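[1] Below are the sequence and a predicted model for it; my questions follow.
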Amino acid sequence: MAHGICPLKIIMLTDGARTNKTEKLKDRFTSRKAYNLMLRAPAEMLHELMALRVRAMRKGLWFKLLTPVERSICELAIRSLRAVRSRRLAGVLRAIMDKLVGYLKRSLQALARAWAIGSEMARIISLVASSWGHPRALEWARNPEFVTYLTITYANTPSYYRPQLSISWAT
């Protein structure tokens, strides 16, 4: 390959004819995982970055989490590129995307933990009400509105008034 040509170019010309894309890429990458990421990365990385940007903006993480340099790299890549061909740029964008995904997953984990607390409280309350003879009390534990209500109530209750549960809010 001639010096100065980007090593991630998909179509390479040799002797005036196009060579097989997969053969050239397989020669360049040692692991199957790296090869599959390479095939997927140029076309889909920018779409994934745009989706992450929208989610991060909605959650308020775009400006809190990323530095101005990281934001400008993402913005320029989204606005000016059709595909990412540079290994260095792909690595930088992947690191930024990993940072965003990590923080977005944390908020989902907190939401799941809160839902588990509400479900546990709904189960306890429905068992007590059913032991008192309420005919439809066992249905309360499966009611999402009731679980949501108990979750919000638990979150807004001071810690010294909170009931002891098998699931902890801090875990």
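    Yep, it's here. Numbers count the residues shown, from 1 in each chain.

[2] all strands of the chain, in order?
    Taking DSSP state E as the test, the strands found in the chain are 13-14, 17-18.

[3] Which of the ones you listed comes out lowest on mean pLDDT?
    When those are compared by mean pLDDT, strand 13-14 comes last with a mean of 40.

[4] Lowest mean pLDDT among the helices and strands, pick that one out for this protein.
    Ranked by mean pLDDT, DSSP states H and E, the weakest helix or strand in the chain is strand 13-14, scoring a mean of 40.

[5] Report how many residues lie close to residue 115.
    14 (other CB atoms under 10 Å). In this view, the C-beta of every residue, glycine as well, is placed from N, C-alpha and C.

[6] roughly how far apart are it and residue 151?
    To residue 151, residue 115 is 6 Å away according to CB to CB, to the nearest Å.

[7] Using the record's assignment, carve the chain into domains.
    1-30, 31-155 (automatic domain parsing).

[8] of all those domains, which gets the most neighbours per residue?
    Highest mean neighbour count of these: domain 31-155, a mean of 14 (counted as mean count of other CB atoms under 10 Å).

[9] hey, which helix is longest across this protein?
    Of all segments of type helix in the chain, defined using DSSP state H, the longest is helix 87-131.

[10] phi, psi of residue 81?
    phi -110, psi 150 (degrees, to the nearest 10).

[11] correct me, but it touches residue 46?
    Yes. If you go by CB atoms under 8 Å, residue 81 and residue 46 touch, sitting 6.2 Å apart.
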